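1. Would you be able to build a 3D model of this:
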Amino acid sequence: MKRSRFNEEQIISILKEQEAGLWTADLCRKHGISSATFYKWKAKYGGLDVSDARRLKTLEDENTRLKKLLAEAMLDNAILKDVAAKKW
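-> Numbering: from 1, shown residues only. Next up, the predicted model:
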């Protein structure tokens, strides 16, 4: 997945600028982003503080790691079932 040019703190500051009264089109032009990107950020980070965004990022990283571990465990389990089901 492509890494964003902006970190969570920058994204939240951009969203707060829009909440302060700047027009979305002007804000997107100023920061060099598309309006689709802005609204995607607003859906994900809208109403969050910087500390909340950091916590969200750590939880997403932990969730990714746990999903990977689960997939590996399920693969190992499937391999063991295939070996046990074979007739020798």
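2. Which SSE is immediately downstream of the helix or strand encompassing Arg29?
-> Using DSSP states H and E, Arg29 maps to helix 24-31. For helix 24-31, the following helix or strand on the C-terminal side (DSSP H and E) is helix 35-45.
3. so what secondary structure elements neighbour that next one?
-> helix 8-19, helix 24-31 (3 or more Cβ pairs under 8 Å, 6 or more residues apart in numbering; DSSP states H and E). The way it works is simple: take the backbone N, C-alpha and C, and place the C-beta from them, glycine included.
4. any residues touching the longest one, and which ones?
-> Translated: helix 8-19. Around helix 8-19, the neighbours that count as contacts under Cβ atoms under 8 Å, 6 or more residues apart in numbering are 4, 6, 24, 27, 31, 33, 38, 41-42, 45-46, 48-50, 53-54, 56-57.
5. For PyMOL, what selects the buried ones among those residues?
-> Filtering these down to the buried ones (16 or more other Cβ atoms under 10 Å) takes a single PyMOL command:
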select buried, resi 6+27+31+33+38+41+42+45+48+53
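6. Ala78: which element?
-> Per DSSP H and E: helix 50-85 holds Ala78.
7. From the chain's centroid, how far away is that helix?
-> How far helix 50-85 lies from its chain's middle: 16 Å, per Cα atoms, centre = their mean, to the nearest Å.
8. packing partners for that helix?
-> helix 8-19.
9. buried residues in the helix it packs on?
-> Quick answer for helix 8-19 (16+ other Cβ under 10 Å): Glu8, Ile11, Ile12, Ile14, Leu15, Gln18.
10. Out of those residues, which comes closest to Leu66?
-> Distance to Leu66 across the buried residues of helix 8-19 (Cβ to Cβ) is lowest for Glu8, with 21.2 Å.
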